[in-house]
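Novice: got a structure for you, letters missing:
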Ligand code: GLA
């Protein structure tokens, strides 16, 4: 008996000795893992950086699978569910090995687990960077069994969260009203957001959420975990709350109708789930994501200042013409803008794009509208010292198009079905899982760049969901791969385009902000935030979008008044002040501006380019007062990385006789430095603080009152640090 006891003890000791703490460290955070032979990988802590695992183990009892698999021990929600080659539905992963490698400024942790019985392996991977507090996680699933296995669920990541007063915040919306902020306390049961539209996953629910560990989420204090799935297709984010101990958070590709088969020897790499932890509330989590995107995860690394532009859409819609485009070029030149973009309406031969029911896929100039062709427009732009840009929607076609007549089998639809159509009653989605379609889409861009090599900017649109499930290209067995293979095909194509045209600036548009996700950020420079350009509603949409995405990636345009979407009339100053918190542009005929308006618009462009742009596009964003709080005003500010300069924005969008005179508390400043306040783009009298200096501490703790007069008043204030 004693002997047995001793051997059990020594086995335990060996197990403990062979157990290994893995610190997945970003500069300010730690995800603590425990790897032990014969057991699954465990996660025991995620939070502020720690150096002593023993302290964590003594203090807390969190001990959960880092990547739970279904079928043995796990009956709760899991990250992985597999039907093995012999039909067995259970998986038992145990730790095999781990390796840590350095790649540039990042460290990659690869922890390999293997099924106890089957030749089925999963690498659970993490990446950290030396310049931001985001930890990326993903898994690589390998089938070394003798026959195919089916992945029934293949999430990117899993995180247990201790129960308490835990809240979740996320953005949801619809066309013209994207990224509306929604928050709620987690209760027993399931909290879930997903998107099943196939092509554009960010319209209704964005593939990202914030989890506040200290109650109702606050902007600049409280512990927050942020999570963003780097994927452009169907997704699901679930928080399962059972019992009294933990919330189980799982995020990844939505597996509905997406069973994925791996043949012997095949591998599936899940998209990345990016996580951050902050003690500084939602704002801290947002700033981590912004920094991570700007420095590591977006094309051109967010280092180049984004150019101001005029887009033709709301100015002329589909009625493009040589003369009309040149007039707009003159307008943007006069305004001091740097780039002109011709939107939809320029193409079509047999079918002409004068109505939005035809010609997608027929990317040849409509010579009726543009007799001298696109090269003449590119030249006209260059001659004016402007950059040239053009709109395409390359993943789409119409039943009324030469492309569809030639390749009816290229659209997403099962061969047995009559396709159900989208915009114009004719639009269809091309099947990006088909390599021939990928080549075609690549060629759309390549042909443009060949014909007009000085093209600086492309607006890449995507206006339809996959209404027709099915593929002419995929085999009968692999039809359920469509949702996933569509996006793998899209990414393959984008990589090819980026390899040949690394400097091209590409905007990601999907009927507005339908594709605002981190899956596409490595290929696109910016997002069209919304088709709704009404500045009041934009305050809400932009606020929500900024939760995860940096200002340099947010395309924000001043449009006509009354606004075309809401019919609301707003002062030009208010429209500019709202647009200037991102990449500034215009979307109207400049010739519709009065002489005074033109003068004011010119001064805004100048001030934006010289003073505001570097701080907004490359500084840290501090959201201060939310428009969702219902006060009728809101504010935010951007602070340069060296804290020498900051730009503050405040907006009043409701007005009463006894309107409260708000006091604004600044953030992110150096408390010991002195800052001088100067109003930018001012109309009317100077405020009482104009030209005065205050310490950063005073501005942050005592704040400054702003004299808002009338409805739709706004202020932009520059803060300059004294020497
Ligand atoms: C979508 C875009 C718009 C515009 C039109 C053109 O709706 O979001 O900005 O480009 O398509 O058809």
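Specialist: On my side now, so go ahead. Keep in mind it's a predicted model, so treat the numbers as computed, not measured. Numbers count the residues shown, from 1 in each chain.
Novice: who does the lengthiest strand in the chain pair up with?
Specialist: Longest strand in the chain by number of residues, with DSSP state E as the criterion: strand 149-162. In the sheet, strand 149-162 lines up against strand 80-83 (antiparallel), strand 246-253 (antiparallel), strand 260-262 (antiparallel) (DSSP bridges).
Novice: list the contacts for residue 248?
Specialist: Applying CB atoms under 8 Å, 6 or more residues apart in numbering to residue 248 gives the contacts 64, 76, 77, 158, 160, 161, 238, 239, 240, 241, 242. No exception for glycine: its C-beta is placed from N, CA and C like everyone else's.
Novice: Tell me the buried residues within those residues.
Specialist: Among the contacts of residue 248, those classed as buried by 16 or more other CB atoms under 10 Å are 64, 77, 158, 160, 161, 238, 239, 240, 241.
Novice: got a pLDDT number for the first one?
Specialist: What that stands for is residue 64. What the model reports for residue 64 is a pLDDT of 93.
Novice: For it, which non-adjacent residue is spatially closest?
Specialist: Take residue 64 and drop its neighbours on the chain: the residue closest to it by CB to CB, 6 or more residues apart in numbering is residue 160, 4.0 Å away.
Novice: Okay, that neighbour and residue 435: tell me how far apart.
Specialist: 41 Å (CB to CB, to the nearest Å).
Novice: could the strands paired with strand 149-162 be laid out in a markdown table, adding distance to the ligand and mean pLDDT?
Specialist: Output for these, formatted as a markdown table (distance: least, CB to the nearest ligand atom, whole Å; pLDDT from 0 to 100):
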| stretch | distance to the ligand | mean pLDDT |
| --- | --- | --- |
| strand 80-83 | 37 | 98 |
| strand 246-253 | 25 | 97 |
| strand 260-262 | 31 | 98 |
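Novice: Those: which one's closest to residue 372?
Specialist: Between residue 372 and the strands paired with strand 149-162, the shortest gap by CB to CB is with strand 246-253, which sits at 46.6 Å.
Novice: buried sites along the closest one?
Specialist: In strand 246-253, counting by 16+ other CB under 10 Å, buried: 246, 247, 248, 249, 250, 251, 252, 253.
Novice: What sits closest to residue 485 if chain neighbours are left out?
Specialist: Counting by CB to CB, 6+ apart, residue 485 lies nearest to residue 433, which is 3.6 Å off, once chain neighbours are set aside.
Novice: That neighbour: what secondary structure?
Specialist: Following DSSP: H, G, I helix; E, B strand; the rest coil, we place residue 433 in the coil state.
Novice: wait, doesn't it sit right on residue 480?
Specialist: No. If you go by CB atoms under 8 Å, residue 433 and residue 480 don't touch, sitting 11.4 Å apart.
Novice: Looking at the two, which one has more neighbours?
Specialist: More crowded of residue 433 and residue 480, by other CB atoms under 10 Å: residue 433, with 23 against 18.
Novice: Residue of the protein closest to the ligand, please.
Specialist: residue 344 (3.5 Å; CB to the nearest ligand atom).
Novice: what residues are up against that residue?
Specialist: Shown in contact with residue 344 (CB under 8 Å, 6+ apart): 313, 317, 318, 353, 356, 391, 393, 461.
Novice: Which strand residues bridge the residue nearest to residue 64?
Specialist: For residue 160, the beta-bridge partners are residue 248 (DSSP bridges).
Novice: and if you look at residue 194?
Specialist: With DSSP bridges applied, residue 194 shows beta-bridge pairing to residue 236.
Novice: Understood, closing this out.
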